[in-house]
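Visitor: Next come a sequence and a model predicted from it.
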Amino acid sequence: MSLSIRNQLPGTVTTVTPGEAMATVRVRLSGGQDVTAAITRDAADDLALAPGTAVHALVKSTEVSLATGRVEGLSIRNRLPGTVTALSTGAAMASVQVAVEGAELTAAITRDAADDLALAPGTAVHALVKSTEVSLATGRVEGLSIRNRLPGTVTALSTGAAMASVQVAVEGAELTAAITRDAADDLGLAVGAPVVALVKSTEVSLATV
């Protein structure tokens with residue numbers, strides 16, 4: 001399975017703490033950093049996660065925040081120090097490449113935020129990721145902790161300098177995915193392309209009718 005998720009970080013599970021509905025999973029990345037993922041209990045059971053399990057931590061670029069200077073007093077568990085290596089800016093959004101120990105991350109942030117932080121190659125930053133925004137995959141990105149997988153077909157694609165908006169027709173509905181331009185290019189997305197829309201259960205809102 002090829003994914004639009006830019007950040008796929010190899011690591012090893014160190015602890016699993018299951019609750020009634022959710023489980024927290026600590027992963028030691030190949031670069032030595034620890035990352036926490038909050039996933040459903042069902043996902044943890046389906047993937048048979050246990051200390052020593054090899055996984056990939058998957059993080060969408062839109063779920064990576066960046067901070068310059070000291071980071072204190074935050075509930076965000078995952079804070080990875082790194083250095084900006086590249087920056088692509090559009091009218092509204094910016095795609096920022098960040099080198100962290102043993103890996104490379106992509107953050108999709110607003111153009112205003114990139115300007116306010118004066119980001120440029122060489123800028124020292126912290127990449128911040130909420131634990132609920134980390135998905136886990138075992139094997140070659142096939143066994144995924146993401147519960148919602150909707151097969152569909154691309155119906156429209158709009159690309160900017162940093163980001164792309166992809167319309168996907170699924171059974172009985174139409175979805176929109178905002179992904180990086182690089183991801184759209186790497187996947188060769190075009191109208192008519194078959195895809196699977198992946199949505200973490202923590203990102204689904206409900207409304208009664």
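Guide: Looks like it came in fine. In this text, all values refer to a predicted model and were calculated from it rather than measured experimentally. Numbers count the residues shown, from 1 in each chain.
Visitor: roughly how far is the worst-scoring helix or strand of the chain on mean pLDDT from the heart of the chain?
Guide: Ranked by mean pLDDT, DSSP states H and E, the weakest helix or strand in the chain is strand 143-144, scoring a mean of 83. Distance of strand 143-144 from its chain centroid, counting by Cα atoms, centre = their mean, to the nearest Å, is 14 Å.
Visitor: ok, residues contacting that strand?
Guide: Residues outside strand 143-144 that contact it (Cβ atoms under 8 Å, 6 or more residues apart in numbering) are 1, 46-47, 58, 135-137, 198. In short, each C-beta sits where N, CA and C put it, glycine included.
Visitor: and with 7 Å instead?
Guide: 47, 135, 137 (Cβ atoms under 7 Å, 6 or more residues apart in numbering).
Visitor: Which of those residues ranks first by neighbour count?
Guide: With neighbours taken as other Cβ atoms under 10 Å, the top of the contacts of strand 143-144 is residue 135, carrying 25 neighbours.
Visitor: can you pull the contacts of residue 76?
Guide: Residues in contact with residue 76 (Cβ under 7 Å, 6+ apart) are 128-130.
Visitor: run the last query once more with 6 Å
Guide: By Cβ atoms under 6 Å, 6 or more residues apart in numbering, residue 76 lies in contact with 128, 130.
Visitor: For residue 104, name its beta-bridge partners.
Guide: residue 99 (DSSP bridges).
Visitor: Run a quick neighbour tally on it.
Guide: Around residue 104 there are 14 other residues, counting by other Cβ under 10 Å.
Visitor: do you know how far it is from residue 9?
Guide: Going from residue 104 to residue 9 by Cβ to Cβ, to the nearest Å gives 9 Å.
Visitor: ok, residue 24 - contacts?
Guide: 17, 36, 38 are the contacts of residue 24 under Cβ under 6 Å, 6+ apart.
Visitor: Kindly recompute the last result at 10 Å.
Guide: Residue 24 is in contact with 15-18, 36-39, 44, 77, 131-132, counting by Cβ atoms under 10 Å, 6 or more residues apart in numbering.
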